[in-house]
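Engineer: Generate coordinates for the sequence data below:
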Amino acid sequence: MSEWKTEHRAFAVEMFFKSQESYITTIRAFRKRFSIQPHKPVPTEVTVRSWVKNFRQKGVVNKIKPPGPKKNVRTPENIERVRIALQKSPQRSLRKHAASLNLNERTIRRILHEDLHFHPYKMLVTQQLLATDYGTRLEFCERMLEEINGGEFPFYGGT
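Structural biologist: Next comes the predicted model:
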């Protein structure tokens, strides 16, 4: 279990103190209290000790979120700035866009992928094949095979 509930954390801390700081006794009581099978995961010793440390320092067993607003650079304003920058100069590299917009490269990648739904690709320049090209290619291949097999081609199997 990756995220333990408050009830689990509180019980583990309480049992840790009752068992005179014995991890083994705490886990045995934990398994019994929450009916956890022997092969099912339980909190590790490090996890229990971090819960106890958190309780001793802050008086709570839950995680405490850091004060202040949640940091988020992918704001609507920044998304719009990236969109406009890409429209103005689509050939410009991501690194140069990041430098000019004063944003992290990873942030620009996230905005492009998750918000603007752009995906990286590489342009390949090719020629358009016309209807007459197929016959010309076939003639060339047949002529080359005749020259190679006939020994008239000096670079490949010829005399």
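Engineer: Give me the residue ranges of this structure where confidence is low.
Structural biologist: Within the chain, the stretches with pLDDT under 70 are 1-2, 151-159.
Engineer: So which residue is dead centre in it?
Structural biologist: residue 110 (9.8 Å; CA atoms, centre = their mean).
Engineer: got the contact list for that one?
Structural biologist: Going by CB atoms under 8 Å, 6 or more residues apart in numbering, residue 110 touches residue 74. From N, CA and C alone the C-beta is placed, and that goes for glycine too.
Engineer: From residue 100, how far off is it?
Structural biologist: From residue 110 over to residue 100 the distance is 17 Å, taken as CB to CB, to the nearest Å.
Engineer: Chain neighbours aside, what residue packs nearest to residue 81?
Structural biologist: residue 101 (5.7 Å; CB to CB, 6 or more residues apart in numbering).
Engineer: tell me the domain boundaries of the chain?
Structural biologist: 6-58, 76-115, 126-159 (automatic domain parsing).
Engineer: any idea how far residue 70 is from the residue nearest to the centre of the chain?
Structural biologist: For residue 110, the distance to residue 70 - CB to CB - is 15 Å.
Engineer: That's all I had, so thanks and see you.
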